[in-house]
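[1] sharing a sequence plus its predicted fold:
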Amino acid sequence: MTSRVALDLLGGDAAPDAVLDGALLLADECPDVSVVLVGPEEVVAEGLSARGVAPGTFEVIPATQSVAMDEEPARAVRAKRDATVRVAAKLVRDGRADATVSVGNSGAALAAALFTLGRLPGVTRPAIAVVVPTPNGPVVLVDAGANPDAGPDLLAQFALTGAAYATTLGIDAPRVGLLTIGAEPYKGDELRKAAYDVLAALPVDFAGNVEGHDVVLGGRADVVVTDGFTGNVLLKGVEAALALGGAATIDPDDHSGALLLGVDGIAVLGHGGSSPRAVASCVRLAADAVRGGLLPRLTETLTALVARRREAAGLAT
Amino acid sequence: MITSDRAFEAVRDAVVVVMEVAPESVTRDTRLVTELRCDSIALVEIAEIVEEALPGLAIEDAALDDIDTVGQAVDYIVSRG
């Protein structure tokens, strides 16, 4: 089955070159993935010509506007109806692509996906989920950067979407941990203390508090929940440490890309500074998600978890 | 012309979807930012959903900075419609 992935050509610090090079890398590695470039046609034509690549190698969907890394995301996406990141999300909504990928302004990618694709049951705000490979199996870190100011209820949403995602990775009964500064209950700041009870009441296997090393070493929780600020700080530290010491076994560029959990479609985000290999990794992640039927499986599990949570809280389902 | 009732329904429905609150909890006095804690993404999303529900309506970005209560949003929409 061929997956069609819409790629935001103008997103990222090194766009369009890194994005185009990433698309070419991916095309070599994964002929069963069809990359649809979303951006100005003349930029694609010039880029392909400069690389000695035949025109027509990629399908191109025209879009002329870009969202800069320093623009206020929601307002920019609203104002720029022809922004590449928005047009890419529309392709998914309209069934013309199976997934969207952007390594540009992550807030804009979130806003575009949210405004265009809508949300899954029980979700008010999508979160970025990164799968961290550890010696004790994968750990899903959520939120890795979308919601810096999350409250306890948002952390509860992340726990449910993260658990639903983990089941699609083959983890049948995922243990969910709350990231903080000590394993003892109620350790941490006011947010963690308040979130502890909320997470403990969820219909998931709550593993209690976990610490930063549990994200790197695994073993204590399959899903680690935190606010987007802390999650992003931790993720970038882990990536830098891997690049320094662990690159012989795990290269962050080859594990680049994160799913936007909670939107009604497959949307993958990457770092603004993504290399071509990192861009290719993001597209591969999106294509794998499509092939594995991630969205329907995640939606089914999440719907059941949300219903159980509402039932336990005495709310109508 | 957009009536006050129709505008209220559109705003209420958008708030219910975006903030996951019960419809009956949304009144004209509901404060979007200080009470429901809508951030900029939520406000823009509410605006987009309301515009979709009320074809022809265009909500100015500046209005998003000024509106706090649902009632103010309804009055703004009626004045624009």
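    Sure, I can see it.
[2] now the nearest residue to residue B:61 once chain neighbours are set aside: which helix or strand?
    Distances taken as Cβ to Cβ, 6 or more residues apart in numbering or on different chains put residue A:75 closest to residue B:61, at 6.1 Å, once the chain neighbours are dropped. For every residue, glycine as well, the C-beta is placed using N, CA and C. According to DSSP states H and E, residue A:75 maps onto helix A:73-79.
[3] can you list contacts of that helix?
    Residues outside helix A:73-79 that contact it (Cβ atoms under 8 Å, 6 or more residues apart in numbering or on different chains): A:67-68, A:83, A:85-86, A:105-108, A:110-112, A:115, B:40-41, B:43-45, B:47-48, B:61.
[4] ok, now with 10 Å
    A:65-68, A:70-72, A:83, A:85-86, A:89, A:104-116, B:39-45, B:47-48, B:51, B:59, B:61, B:64 (Cβ atoms under 10 Å, 6 or more residues apart in numbering or on different chains).
[5] up against chain A, what does chain B have?
    B:17-22, B:37, B:39-45, B:47-49, B:51-52, B:59, B:61, B:64 (Cβ under 10 Å from any Cβ of the partner chain).
[6] if we go to 6 Å?
    B:20, B:40, B:41, B:44, B:45, B:48 (Cβ under 6 Å from any Cβ of the partner chain).
[7] can you pull the buried residues of the helix or strand bottoming out on mean pLDDT in chain B?
    Ranked by mean pLDDT, DSSP states H and E, the helix or strand of chain B with the weakest confidence is helix B:61-66, at a mean of 89. Neighbour-count burial for helix B:61-66, counted by 16 or more other Cβ atoms under 10 Å in any protein chain shown, picks out B:63, B:64.
[8] now do the strands in the stretch 151-300 of chain A.
    Taking DSSP state E, counting those that start in this stretch as the test, the strands found in the stretch 151-300 of chain A are A:175-179, A:205-210, A:223-225, A:258-261, A:266-269.
[9] which stretch among those comes nearest residue A:166?
    When these are compared by Cβ to Cβ, strand A:223-225 sits nearest residue A:166, at 5.2 Å.
[10] now for that closest one, which elements pack on it?
    Packing partners of strand A:223-225 (3 or more Cβ pairs under 6 Å, 6 or more residues apart in numbering or on different chains; DSSP states H and E): strand A:139-142, helix A:152-168, strand A:175-179.
[11] change it to 10 Å
    In terms of contacts (3 or more Cβ pairs under 10 Å, 6 or more residues apart in numbering or on different chains; DSSP states H and E), strand A:223-225 is packed against strand A:127-132, strand A:139-142, helix A:152-168, strand A:175-179, strand A:205-210, helix A:212-217, helix A:228-241.
[12] phi, psi for residue 68 please.
    Since no chain was named, I'll use chain A. Here is the backbone geometry of residue A:68 (degrees, to the nearest 10): phi -70, psi 160.
[13] nope, chain B
    phi -120, psi -50.
[14] state the pLDDT value of it.
    pLDDT, residue B:68: 91.
[15] residues in contact with it?
    Per Cβ under 10 Å, 6+ apart, neighbours of residue B:68: B:30, B:31, B:32, B:33, B:34, B:35, B:38.
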